[in-house]
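Visitor: here's my sequence, what's the structure:
(2 chains)
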Amino acid sequence: MAGSTANTQTVTRQDLAEAVYREIGLSRSESSTLVESVIDHIGDSLEKGEHVKLAGFGTFSLRDKSERIGRNPKTGEEVPITPRRVLVFKPSQVLRERVDSALSTKS
Amino acid sequence: MLRSELIDTLHAENQHLTRRDMERLVAVVLETITQTLEAGARVELRGFGAFSVRERKARAGRNPRTGETVQVPSKHVPFFRTGKELRHRIDAASKK
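Guide: Model (predicted):
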């Protein structure tokens, strides 16, 4: 299911749609619409302020950051960094273990 | 939103397909991302974000109980960087 691309090549929406086409057997155009839907629903849910928890994969959660003082690294000038909401992704234990065991050589 | 709720939403919008198809859709998308990371490659979803793998270098750690120094091996961890468009959508929505 890794996609038709070479190992080092970046995977895009198109590759995800191709995998859905191959694995599920829906039409190419429907596969690409559905992949877009999956991504859109995750984004919409986050925009509404909800966390998105995908069992076996990871959790997208939101953090509200309060204002802090930053510094322009070039000029050294102090500038306030406004309070903001940011997205953080925490990979599940399963995803962490799969990625690490595929890539790290354990003695 | 949970994985099951995402599947329900997709199914409600695609009633000509089975719920099982929608479960497989979500599984194939997440599995393809996982396998790409296992191969050490990136997944870039414009406007949403990018998944990649970061290497954490081996370091000398300490057992907090015994104070003993132990070598923590290097490891590879999945990393997600939020896309510009989604970052702005989330922040703007939080200010409404």
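Visitor: let me know whether stretch B:34-42 sits next to chain A.
Guide: Yes. Interface with chain A: stretch B:34-42 contributes B:T34, B:Q35, B:T36, B:L37, B:E38, B:A39, B:G40, B:A41, B:R42 (CB under 8 Å from any CB of the partner chain). For the C-beta atoms, the positions are set from N, CA and C on the backbone; glycine is no exception.
Visitor: in that stretch, which residues are buried?
Guide: For stretch B:34-42, the neighbour count (16 or more other CB atoms under 10 Å in any protein chain shown) marks B:T34, B:Q35, B:T36, B:L37, B:E38, B:A39, B:A41, B:R42 as buried.
Visitor: same check, this time on stretch B:89-96
Guide: When neighbours are counted by 16+ other CB under 10 Å, the buried residues of stretch B:89-96 are found to be B:R89, B:I90, B:D91.
Visitor: quick check: pLDDT value at A:E97.
Guide: What the model reports as pLDDT for A:E97 is 97.
Visitor: and residue 43, how many neighbours?
Guide: Let's take chain A. 22 (other CB atoms under 10 Å in any protein chain shown).
Visitor: the chain in question should be chain B.
Guide: B:V43: 24 surrounding residues under other CB under 10 Å.
Visitor: you'd agree it is up against A:Q9?
Guide: No. Assessed by CB atoms under 8 Å, B:V43 is found out of contact with A:Q9, at 10.7 Å.
Visitor: got the phi and psi for A:T59?
Guide: With angles defined as degrees, to the nearest 10, A:T59 shows backbone torsions of phi -120, psi 130.
Visitor: who's in contact with it?
Guide: A:H51, A:V52, A:K53, A:F89, A:K90, A:S92 (CB atoms under 8 Å, 6 or more residues apart in numbering or on different chains).
Visitor: again, only using 6 Å
Guide: For A:T59, the contacting residues are A:K53, A:K90, taking CB atoms under 6 Å, 6 or more residues apart in numbering or on different chains as the criterion.
Visitor: just give me the longest helix of the chain.
Guide: By default, I'm working from chain A. Of all the segments assigned as helix in chain A under DSSP state H, the longest by residue count is helix A:28-47.
Visitor: chain B was what I was after
Guide: Within chain B, and with DSSP H defining each element, the longest helix by residue count is helix B:19-38.
Visitor: is the spatially most central residue of chain A bridged to anything, and to what?
Guide: The centre of chain A sits closest to A:F89, judged by CA atoms, centre = their mean, with a distance of 6.8 Å. According to DSSP bridges, A:F60 are recorded as the beta-bridge partners of A:F89.
Visitor: against B:F80, how distant is it?
Guide: 3 Å (CB to CB, to the nearest Å).
Visitor: equivalent analysis for B:N63, please.
Guide: Counting by CB to CB, the separation of B:N63 from B:F80 is 31 Å.
Visitor: give me the domain ranges for chain B.
Guide: Following automatic domain parsing, chain B resolves into domains at B:1-41, B:51-96.
Visitor: and chain B, which residues reach chain A?
Guide: Applying the criterion CB under 6 Å from any CB of the partner chain, the portion of chain B that neighbours chain A consists of B:1-3, B:6, B:9, B:24-25, B:28-32, B:35-45, B:48, B:53, B:75-76, B:78, B:80, B:82, B:86, B:89-91, B:93-94.
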